[in-house]
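Peer 1: I would like to see how this sequence folds:
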Amino acid sequence: MKILVINGPNLNFLGIRDRGIYGTEDYDFLVNKLKNKARKLGVEVETWQSNHEGAIIDRLQEAYFEHERGELDGIVINPGAYTHYSYAIRDALAPLKFPKYEVHISDIHSREDFRHVSVTLPECTEQIAGMGLEGYCIAMEKIVNNISK
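Peer 2: Here you go, the predicted structure:
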């Protein structure tokens, strides 16, 4: 089983940007955390990050074909700020008919009003927000449990 973790804009700046909101751990810490969780779950994980909307769309389209070839089983995606306005990413998620979990490190529902709306969530299985970096691990567990049923 393979899970793809897609991180959008500014996630590469973990530990640098808004430490009071996103914490002090850096992106490498997150990647290692996901690798360790994957080992515990007995799955493969690929982490991928881009600050560019088109690159994220390209990666989602690639994921469609990987799933069709039996090479990918689920996605964890943190679209970053694109969550709130990228209908293009939403459209790229739509044809992916396998588990997709939207993750947010902070509780987007208790922050600025514009962050309360996710245009990408309707094309995802579920949203996990406000759990810090652990939210990614929870999403990975849910994918494994969803597929193991």
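
Peer 1: so where is the protein shaky, pLDDT-wise?
Peer 2: 149 (pLDDT under 70).

Peer 1: now the strands for it?
Peer 2: 2-7, 44-49, 74-78, 100-104, 126-129 (DSSP state E).

Peer 1: partner strands of the fourth one, parallel or antiparallel?
Peer 2: Translated: strand 100-104. With DSSP bridges as the test, strand 100-104 is paired with strand 74-78 (parallel), strand 126-129 (parallel).

Peer 1: how about the contacts made by the residue positioned nearest the centre of the chain?
Peer 2: In the chain, the C-alpha nearest the mean C-alpha coordinate belongs to I77, at 1.7 Å (Cα atoms, centre = their mean). Shown in contact with I77 (Cβ atoms under 8 Å, 6 or more residues apart in numbering): V5, I6, N7, G8, L93, K100, Y101, E102, V103, T120, C124. Backbone N, C-alpha and C define where each C-beta goes, glycine included.

Peer 1: cool, and V76?
Peer 2: Taking Cβ under 8 Å, 6+ apart as the test, what V76 contacts is I3, L4, V5, I6, K100, Y101, V103, Y136, A139, M140, I143.

Peer 1: quick check: closest non-adjacent residue to N146.
Peer 2: Spatial nearest neighbour of N146, excluding adjacent residues (Cβ to Cβ, 6 or more residues apart in numbering): P99 at 4.8 Å.

Peer 1: would you tell me which one of the strands paired with strand 100-104 is buried the most?
Peer 2: strand 74-78 (a mean of 26; mean count of other Cβ atoms under 10 Å).
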